[in-house]
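Undergrad: Pasting the sequence and the predicted model now:
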Amino acid sequence: MKIAILPGDGIGPEIVEQAVKVLNALGESFEMETAPVGGAGYEASGHPLPDSTLKLAQDADAILFGSVGDWKYDTLERSLRPEQAILGLRKNLNLFANLRPAILYPELAGASTLKPEVVSGLDILIIRELTGDIYFGQPRGVRICPDGPFKGQREGFDTMRYAEGEIRRIAHVAFQAAQKRDKRLTSVDKANVLETFQFWKDIVTDVHKEYPDVTLDHMYVDNAAMQLVRAPKKFDVLVTGNMFGDILSDAAAMLTGSIGMLPSASLDANNKGLYEPSHGSAPDIAGKGIANPLATILSAAMMLRYSLGKAEHADRIETAVKKVLAQGLRTPDIYEAGTIKVGTVEMGAAVVQALV
Ligand code: IPM
Ligand code: MG
């Protein structure tokens, strides 16, 4: 089994190193090959997603991705910015299904900004469509406004769109995920205003006929944002489009108190996937050895489960992470009085130690 390792920028290399250490401690022989991506790709060959990196990702069975981005690339033209690497990988590899679990570990209940009773025991799954919507719709750009009170001025515009097949395939992923959990799915839309999302709602409703054991409800995105902070435990699985999913998944991440704990998977139709922490590259703490590697380590566990068919190793890693939290080990982002503050490398080593 071949794993492409794409550490990226900022804290990416430090946290990915810890996940690789954990993978190497499982007693399997994975073939791993590393390549630059994001700002590192731009430095190496003038493009955030170098051809050789894309080819490695295409040939691999799974991809472990760190994070991309740094302020110093903010002035580059859009096509050369680090973010284009992750968008390009998603699009080129057809990684249309983004799974973002938000789980609150009981030991970290105090880290949330919400009251413990609102979030303790939280276990929800956001499924975000990842290769369509306003993120990729054409046309887009800046043009001369054709009508209305601002006619003749420049205007920026993007295109929101979803093809029927795109909605159907993400709906199937979501219903099947719900079947493996509490069998409740909430489809998030903006059908009261947007044609795209009335269509989304109609198609999800149609796909539901194939999953009578799952309870489906529909919620407008603004209400979903409110319910996520009001009573997040009422949800089981949420499915939504690319743009709404981007926003809601950040909100859901914060319910758990630490975005440094949350893994994610981006899958194609054959469960080949890219696995990355939900957090970004955090350039402000890069190189200081204080970043939390647990989201990346848990992403490696998701990779074992979804793409490499090694659920037993995924369980081992997840159990080891729970164990180090129970031991009181905390990186600064989740540190509370009475716990033991450790750095990135120590946290990775502790997870390796805790593997059984
Ligand atoms: C995410 C990120 C990306 C997105 C950016 C970095 C392009 O915010 O994975 O949620 O908007 O999808
Ligand atoms: Mg985002």
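TA: Arrived safely, thanks for sending. Ligands and ions are numbered 1, 2, ... in the order given.
Undergrad: what element comes up after the host helix or strand of Glu14 heading to the C-terminus?
TA: For Glu14, the host element (DSSP states H and E) is helix 12-24. Where DSSP H and E defines the elements, the next helix or strand beyond helix 12-24 is strand 31-34.
Undergrad: Residues in contact with that next one: which ones?
TA: Residues from elsewhere that reach strand 31-34 (Cβ atoms under 8 Å, 6 or more residues apart in numbering): 1-7, 20, 23, 56, 60. C-beta: built from backbone N, CA, C; applies to glycine.
Undergrad: And the residue in the stretch 151-300 of the chain that ligand 1 sits nearest to, how far from Ala35?
TA: The nearest approach of the stretch 151-300 of the chain to ligand 1 comes at Asp246, 4.6 Å away (Cβ to the nearest ligand atom). For Asp246, the distance to Ala35 (Cβ to Cβ, to the nearest Å) stands at 25 Å.
Undergrad: And those two? Which one has more around it.
TA: With neighbours defined as other Cβ atoms under 10 Å, Asp246 and Ala35 compare such that Ala35 has more, 21 against 16.
Undergrad: any idea whether Glu336 is helix, strand or coil?
TA: Per DSSP: H, G, I helix; E, B strand; the rest coil, the secondary structure class of Glu336 is coil.
Undergrad: Excluding chain neighbours, what is closest to it?
TA: Nearest non-adjacent residue to Glu336, counting by Cβ to Cβ, 6 or more residues apart in numbering: Gly110, 5.5 Å away.
Undergrad: What about that neighbour, how many residues nearby?
TA: If you count neighbours by other Cβ under 10 Å, Gly110 ends up with 13.
Undergrad: so it touches Pro116, yeah?
TA: Yes. With contact defined as Cβ atoms under 8 Å, Gly110 counts as touching Pro116 (6.9 Å).
Undergrad: Flag every residue of the stretch 101-250 of the chain that's near ligand 1.
TA: Within reach of ligand 1 by Cβ under 6 Å from any ligand atom, the stretch 101-250 of the chain has these residues: Asp246.
Undergrad: need the next SSE after whichever strand or helix holds Val204, C-terminal direction.
TA: Per DSSP H and E, Val204 falls inside helix 195-208. Next helix or strand after helix 195-208 toward the C-terminus (DSSP H and E): strand 215-220.
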